[in-house]
Structures are given as structure tokens and as C-alpha cells.
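Peer 1: After the sequence you'll find the predicted model.
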Amino acid sequence: MLEELIEKLNLESEALFERQQYVRARLDHLARRLSEIAKIDLETIPADRIGFGSQVQLRNLDDESVERITIALGDNIDFDSDQISMESPIGKSL
């Protein structure tokens with residue numbers, strides 16, 4: 001009985017350690033991304049090109065409605081704040 005309990009605790013400890021490693025790797029990735037983003041000067045982005053940080057107006061030709069979106073980096077999509085990823089199909093086509 002005691003051996004089973006020890007084995008169970010060891011398995012749980014290993015699982016927690018693996019999760020901790022995953023979280024650390026993810027935090028390292030996010031820190032690198034933040035460092036890369038901090039180096040981007042939005043003032044140097046040409047006004048006649050669409051890329052990261054661009055604010056774009058999309059017009060629906062059927063009903064003439066206009067939607068305003070901001071182009072965000074690769075893995076960022078936030079529809080509540082009207083951001084769309086550069087890597088999304090719409091972002092790539094723009």
C-alpha cells in the first residue's frame with residue numbers, strides 16, 4: 001500500500017515537473033517575442049504598405065459597410081479589439 005502511494009506521488013511529481021518545464025519554455029518564448037516587438041519602430045513603417053501595426057479599413061462591396069482592423073503579429077488574434085494576425089488568410093492577402 002505504501003509503495004503504491006509513493007509510486008503515485010512520484011508520477012504526480014514528474015507530471016508537475018514536466019508542466020513546469022513547459023511553462024518556463026513558453027515564458028522564454030514570450031520574452032523573446034516581446035524583445036523582438038520592442039525593437040520595432042512603428043514610425044518607420046511606410047504608409048503605402050500593409051504590415052505589423054497597420055490600421056486598415058475593409059469595405060464590403062455588397063452593402064458598403066466598413067470595418068477597421070489593426071494588423072498584429074503572427075500568433076495574435078483579438079477580434080474584440082479588431083486585431084487580425086499577419087499570418088491569417090486575410091492578413092496574408094492584405
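Peer 2: Ah, there it is.
Peer 1: going forward, measure contacts between C-alpha atoms and count neighbours the same way
Peer 2: OK.
Peer 1: Looks to me like Asp63 is in a helix.
Peer 2: No. Using DSSP: H, G, I helix; E, B strand; the rest coil, the assignment for Asp63 is coil, not a helix.
Peer 1: Who are the contact partners of it?
Peer 2: Listed by C-alpha atoms under 8 Å, 6 or more residues apart in numbering, Asp63 has no contact partners.
Peer 1: Is Thr70 in a helix, a strand, or coil?
Peer 2: Of the three states, Thr70 takes strand under three-state DSSP.
Peer 1: tell me the contacts of it?
Peer 2: By C-alpha under 8 Å, 6+ apart, Thr70 lies in contact with 53-56, 82-84.
Peer 1: Dump the residues you listed into TSV; add secondary structure and pLDDT as well.
Peer 2: Shown next, in TSV, are the contacts of Thr70 (DSSP: H, G, I helix; E, B strand; the rest coil; pLDDT from 0 to 100):
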residue	secondary structure	pLDDT
Gly53	coil	79
Ser54	coil	84
Gln55	strand	86
Val56	strand	89
Asp82	coil	82
Gln83	strand	85
Ile84	strand	85
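Peer 1: Make sure Val66 is actually in contact with Val56.
Peer 2: No. Using C-alpha atoms under 8 Å, Val66 makes no contact with Val56, being 9.9 Å away.
Peer 1: Neighbour count: these two, which is higher?
Peer 2: Val56 (15 against 12; other C-alpha atoms under 10 Å).
Peer 1: longest helix in this structure, by residue count?
Peer 2: Scanning the chain for the longest helix, with DSSP state H as the assignment, gives helix 2-38.
Peer 1: Could you pull up phi and psi at the nearest residue to Asn60 once chain neighbours are set aside?
Peer 2: Spatially, and ignoring its direct neighbours in sequence, Asn60 is nearest to Val66 (6.3 Å; C-alpha to C-alpha, 6 or more residues apart in numbering). With angles defined as degrees, to the nearest 10, Val66 sits at phi -120, psi 130.
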